[in-house]
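return atomic coordinates for the entry below.
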Amino acid sequence: MHPDYDQLHDILVEDFKATLAKEESDTRSSLEKINDHVEKNSTIEPNGTLKVKGFTKLAHDLNKGKPYPGDIMAFTLKNNRFPTDDEIANFPKQGETPPLERRNFNSKEKNMSDQFEEEEQRLSSQELAFRNVVHQRKIIADAVKTGTLCCLPGKDGYADTKPALNIMNPHDNYYHGANLLYLKDFQQKNGFPTGEFITHHQIENAQKDNPSLFIRQGQKGVSIHVNEKIGPNEHEDKHIRLFNVAQVSNPVKLKDWAEQKINEAEKKDIEWKQTHYGSGWKPPEPKQKEPGPVEIVCSSTEPEKYLGQYLAAVSMGSKFKVSPEQAAEFSEKMISALYRPLEPKVNKETGEIKSPPINKTTGEVVTDVFSLEGISRAANSECKTFMRDLKIEAQKQNQPEQTLEQEQQQSRSGFKI
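Coordinates of the predicted model:
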């Protein structure tokens with residue numbers, strides 16, 4: 001063993017003995033509290049296991065005010081000794097908020113989403129996707145019941161058709177389907193002025209250029225599952241954590257940084273193409289988005305069609321008008337669709353019908369947790385169809401004017417086709 005390690009080992013052993021002696025009474029008191037809690041809050045499950053309620057909260061309470069073990073270990077490894085009492089007094093304490101001048105963006109106190117990210121890192125992509133659909137279904141169903149879902153009309157009879165987007169990709173498609181409903185609900189519940197979002201990783205990159213940019217104390221993000229294009233014919237499922245720009249210390253500076261990075265990326269792309277395709281290469285003129293109708297009036301209360309028309313209104317920047325009767329009918333159908341029971345399965349080889357599982361608590365058939373995903377896909381398809389039909393109808397209405405103009409030009413020129 002390296003002699004430095006031997007020396008460090010001896011120092012740690014002596015300091016550890018002293019620490020144990022000093023904290024013996026505290027440890028005994030903690031054990032008594034734990035034993036008392038287990039005795040009062042434990043139950044034996046049918047399978048023979050012991051279940052203790054509120055144990056996590058008890059652990060947090062016992063550790064409150066104590067330094068993080070990782071900070072002590074980092075100090076010890078750096079200085080070859082345990083910290084003194086005075087030094088420990090200056091360490092961040094568990095369950096307490098450090099003063100602003102001592103906060104660090106990468107510390108636990110600074111990054112309030114750490115506990116969520118640590119939990120998410122322990123789950124597989126399949127588990128994350130499953131948890132996402134179950135949670136989104138509950139949140140959206142609750143918003144339908146309370147009448148606060150963004151696609152439902154307000155007092156003026158119009159739904160909120162302002163988009164939810166990532167400020168690093170403002171020219172790409174907005175968030176769509178279930179993710180749009182979920183993010184808009186997050187925005188509405190927290191009173192954020194816009195649906196502008198950014199990922200946690202992107203905020204970290206922004207902070208490297210602007211140290212004053214950070215997630216404000218106490219702010220928690222929101223997780224979504226997306227299918228992202230990573231190649232010409234290749235997509236990848238990704239679980240990402242988003243924060244609204246209003247949750248950041250300086251939203252204006254953050255948006256300025258995002259715009260600067262977008263411009264830099266576009267400039268770099270142009271330079272690369274001019275290097276490979278010739279200095280005369282110029283980017284094509286940006287495609288102008290055709291203006292949509294000022295207003296779309298709801299014409300169906302079936303969840304897929306209703307949501308399809310709403311999504312079309314969001315995409316085209318139109319208003320979406322819904323009557324109270326339509327909203328009530330849609331809400332009732334939406335809840336039924338979200339919690340539809342699983343259907344019996346038929347064995348293709350034997351023809352045997354297998355009944356769906358029963359919820360032991362309610363005695364009812366288990367519902368389809370992926371119902372929202374199916375509704376969302378169908379609504380996205382309805383949105384494309386609805387927008388296509390609107391475009392065709394607009395072309396038909398413009399056609400007579402174009403025909404008349406052509407005839408007038410032909411008459412002036414003295415010949416007809």
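
what about Asn263, neighbour count?
By other CB atoms under 10 Å, the residues close to Asn263 number 10. Backbone N, C-alpha and C define where each C-beta goes, glycine included.

kindly apply the preceding question to Phe130 instead.
When counting by other CB under 10 Å, one arrives at 15 neighbours for Phe130.

how near is the residue nearest to it when sequence neighbours are not counted to Asp142?
Across the structure, with CB to CB, 6 or more residues apart in numbering as the measure, the residue nearest Phe130 apart from its sequence neighbours is Val369 (7.5 Å). Separation of Val369 from Asp142 (CB to CB, to the nearest Å): 15 Å.

repeat that for Arg377.
Arg377 sits at a distance of 22 Å from Asp142 (criterion: CB to CB).

got it, and Glu196?
Taking CB to CB as the measure, Glu196 falls 24 Å from Asp142.

ignoring the adjacent residues along the chain, who's closest to Leu183?
Nearest residue to Leu183 in three dimensions, chain neighbours excluded: Ala164, at 4.1 Å (CB to CB, 6+ apart).

equivalent analysis for Gly177, please.
Taking CB to CB, 6+ apart, and ignoring the residues beside it in sequence, Gly177 has Ser376 as its nearest neighbour in space, at 3.7 Å.

any regions of the protein where pLDDT drops low?
Using pLDDT under 70 as the threshold, the predicted model of the chain has low-confidence ranges 1-39, 42-60, 62, 68-82, 94-125, 170-173, 229-231, 400-417.

ok so, going back, my read: the residue nearest to Phe130 touches Val133, true?
Yes: under the criterion of CB atoms under 8 Å, Val369 is in contact with Val133, at a separation of 6.0 Å.

can you report phi and psi for Val294?
The phi/psi pair for Val294 (degrees, to the nearest 10) reads phi -60, psi -40.

surely it is in contact with Lys319?
Yes: if you go by CB under 8 Å, Val294 and Lys319 touch, sitting 6.5 Å apart.

between the two, what contacts are shared?
By the contact definition CB atoms under 8 Å, 6 or more residues apart in numbering, Val294 and Lys319 are jointly contacted by no residue.

of these two, which one has the most company?
For the pair Val294 and Lys319, the greater number of neighbours falls to Lys319 (16 against 9), based on other CB under 10 Å.

ok, now how distant is that one from Ile296?
In terms of CB to CB, Lys319 sits 7 Å off from Ile296.

what residues are shared contacts of these two?
Each of Ala313 lies in contact with both Lys319 and Ile296 under the rule CB under 8 Å, 6+ apart.

any residues touching stretch 243-251, and which ones?
Under the contact criterion CB under 8 Å, 6+ apart, stretch 243-251 has outside partners 113, 167, 186-187, 190, 192-200, 203, 210, 212-216, 219, 221-222, 254-255.

in helices, which of these fall?
Judged by DSSP state H, helices contain the following of these: 186-187, 190, 200, 203, 254-255.

the residues you listed, buried ones only, as a PyMOL selection?
To isolate the buried subset of these in PyMOL, counting by 16 or more other CB atoms under 10 Å, use the following:
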select buried, resi 186+187+200+203+254+255
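
would you format the ones in helices among the contacts of stretch 243-251 as CSV with distance to Arg340 included?
Shown next, in CSV, are the ones in helices among the contacts of stretch 243-251 (distance: CB to CB, whole Å):
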residue, distance to Arg340
Phe186, 25
Gln187, 28
Asn190, 30
His200, 35
Ile203, 39
Leu254, 42
Lys255, 42
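
thinking again about what came up before, show me which of the contacts of stretch 243-251 are buried.
Listed as buried from those are 113, 167, 186-187, 192, 194-200, 203, 213-215, 219, 221-222, 254-255; burial here means 16+ other CB under 10 Å.

so Gln274 makes contact with Trp281?
Yes: applying CB under 8 Å as the test, Gln274 and Trp281 come out as touching, 4.9 Å apart.

which one is Gly292 nearest to, not counting chain neighbours?
Using CB to CB, 6+ apart and skipping residues adjacent in sequence, the residue nearest Gly292 is Met316, 2.6 Å away.

mind checking how far the one you found is from Ala327?
The span separating Met316 from Ala327 equals 21 Å under the rule CB to CB.

ok, back up a step: count of neighbours near the residue nearest to Phe130?
Counted with other CB under 10 Å, the neighbours of Val369 add up to 15.

could you check how far it is from Ala141?
Between Val369 and Ala141 the computed distance is 12 Å (CB to CB).

so what's the residue nearest to Leu183 up against?
Ala164 makes contacts with 174-175, 179-180, 183-184, 187, 195-197, as judged by CB under 8 Å, 6+ apart.

can you do 7 Å?
Contacts were defined as CB atoms under 7 Å, 6 or more residues apart in numbering; by that measure Ala164 touches 174-175, 180, 183-184, 187, 195, 197.

what's opposite Pro67 in the beta bridge?
Applying DSSP bridges to Pro67 yields these beta-bridge partners: Lys93.
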